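>>> Here is a sequence with its predicted model. Questions after.
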Amino acid sequence: VQLQASGGGLVQAGGSLRLSCAASGSIFSINAMGWYRQAPGKQRELVAIINSGGRTNYADSVKGRFTISRDNAENTVYLQMNSLKPDDTGVYYCNADLLPVTTMHLRNYWGQGTQVTVSS
C-alpha cells in the first residue's frame, strides 16, 4: 500500500493549485484522508481532513480558500487551493487511515510529499 501525491508547483500569490493523492495496493477500506503541510523550520500541521462520509475539517488559516474532496471509487483525495498566499508555502503531505487487505488492521499511511511554493 502506498500514497502517491502530485500537483505541487510554483504559483504567484492569489493563484490556485490542485493537489491529488491516490492510494494504491490491496486496500479493503479507507477511513479518514487528509493533507498536512510543513513549512521550513516549522512543525508539520494539519491543513484539511475528510472522513469516509465526506465530513470535512480545515485549519483556520485555510478556511474559505481550500477545499478537500475525495473519490472513494478511485481511493483518491484532492486539495483545491485558491487565493494562495506566501504563507501557504511548504511541503504538502497526504495521509490516510486505511485497512490493508493483507492485515485487516487499521494503519496510518503518509505520502511522499509535494512542494508548494507561493511567490509574493
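Received, thanks.
>>> For the most centrally placed residue in the chain, give me its contacts.
For the chain, the residue nearest the mean C-alpha position is W35 (2.7 Å; C-alpha atoms, centre = their mean). Each residue near W35 by C-beta atoms under 8 Å, 6 or more residues apart in numbering is listed here: 19, 21, 46-49, 68, 77, 79, 92-95. Glycine gets a C-beta too; all of them are placed from N, C-alpha and C.
>>> any idea how far it lies from L46?
In this view, W35 and L46 are 8 Å apart by C-beta to C-beta, to the nearest Å.
>>> Same check on M81?
Counting by C-beta to C-beta, the gap from M81 to L46 is 15 Å.
>>> quick one: what helix or strand has the residue nearest to the centre of the chain in it?
strand 27-38 (DSSP states H and E).
>>> Surely R65 touches D87?
No: applying C-beta atoms under 8 Å as the test, R65 and D87 come out as separate, 11.1 Å apart.
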